[in-house]
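S.K.: Give me coordinates for this.
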Amino acid sequence: MTWTPAVKVCGLMRPEDAALASTAGAAYLGVILAPGGKRTVTAARANVILGGIPARRVGVFVDAGENALLADAREAGLHVLQLHGDEPPELADRMRAAGYEVWKAVRARGADDFSRAIHRYAGSVDALLLDGYSPAAHGGTGTRFPWAEVAERLGELPPGMRLVAAGGLTPHNVAEAAAILRPHAVDVSSGVEVSPGVKDPDAVREFVEQVQSLSKQVR
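M.R.: Have a look, this model is predicted:
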């Protein structure tokens with residue numbers, strides 16, 4: 001039985017980079033809609049960047065209110081809401097009821113952070129996205145989390161809650177991370193860039209190729 005995780009390319013700011021990622025094989029394309037970041041775009045711009053591309057659209061938010069989430073999701077044509085702040089499970093429940101897939105991002109310093117997030121969000125989100133911890137930002141810092149430590153707790157994931165691995169992934173380490181964590185998807189942004197928001201075509205293609213070369217070890 002073969003298996004490869006899906007690929008999400010995030011922090012997209014240019015239509016040509018979104019098209020490149022999709023053509024290379026990315027199933028998810030991500031845009032940063034939280035204000036104030038180096039890769040932040042508006043919802044209207046996100047719709048232009050992602051327009052007409054056959055991939056699932058992911059919007060990244062930090063502590064946005066319910067009305068703002070829904071308005072941006074509609075304008076950008078999102079399929080997935082990726083929540084990077086301190087959003088409560090009840091908000092995630094309402095977004096799922098509105099028809100959106102919800103990923104809750106967790107900055108994991110260790111396996112205990114992973115376990116606490118499972119306990120808090122079980123039944124309310126479709127996936128936990130694990131990112132590395134940095135006091136400097138809510139995510140997107142290129143910081144790794146302890147893969148092997150978290151892998152020992154994968155059995156705590158309840159049915160219906162998937163794992164998305166992010167944080168410091170590059171074409172050089174994604175195969176190792178995926179083999180250890182066996183995630184539903186792997187998420188990359190700065191690891192395939194030449195500068196913030198500008199993707200390196202060769203790095204994007206190599207990242208996807210490394211992921212697609214994996215073979216599955218059944219859980």
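S.K.: drop to CA atoms for contacts and neighbour counts, all remaining ones
M.R.: Noted.
S.K.: what about E66, neighbour count?
M.R.: The local packing of E66 (other C-alpha atoms under 10 Å) involves 12 other residues.
S.K.: and the residue lying closest to it once chain neighbours are set aside, what element?
M.R.: If the residues on either side of it in the chain are set aside, E66 comes closest to L91, at 7.1 Å by C-alpha to C-alpha, 6 or more residues apart in numbering. For L91, the host element (DSSP states H and E) is helix 89-97.
S.K.: Dump the lengthiest strand in the chain to CSV, restricted to CA.
M.R.: Taking DSSP state E as the criterion, the chain has its longest strand at strand 101-108. Output in CSV follows, covering the C-alpha atoms of strand 101-108 (Å, rounded to 0.1, in the frame of the first residue of the first chain):
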residue,chain,number,x,y,z
GLU,A,101,-13.2,22.9,7.0
VAL,A,102,-11.3,24.1,10.0
TRP,A,103,-7.7,23.5,10.9
LYS,A,104,-6.5,24.7,14.3
ALA,A,105,-2.8,25.6,14.5
VAL,A,106,-0.8,24.7,17.6
ARG,A,107,2.7,26.0,18.4
ALA,A,108,4.0,22.9,20.0
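S.K.: next one: the helix holding L91 to chain centre, how far?
M.R.: The chain centroid and the centroid of helix 89-97 are separated by 18 Å under C-alpha atoms, centre = their mean, to the nearest Å.
S.K.: host element of the residue positioned nearest the centre of the chain?
M.R.: Centroid check for the chain by C-alpha atoms, centre = their mean gives D187 as the closest residue, at 4.8 Å. Per DSSP H and E: D187 is located in strand 185-188.
S.K.: C-alpha coordinates for that strand, CSV please?
M.R.: Extracted C-alpha coordinates of strand 185-188, given in CSV (Å, rounded to 0.1, in the frame of the first residue of the first chain):
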residue,chain,number,x,y,z
ALA,A,185,-0.6,17.0,4.9
VAL,A,186,2.7,18.9,5.0
ASP,A,187,2.8,22.7,5.0
VAL,A,188,5.6,24.8,3.6
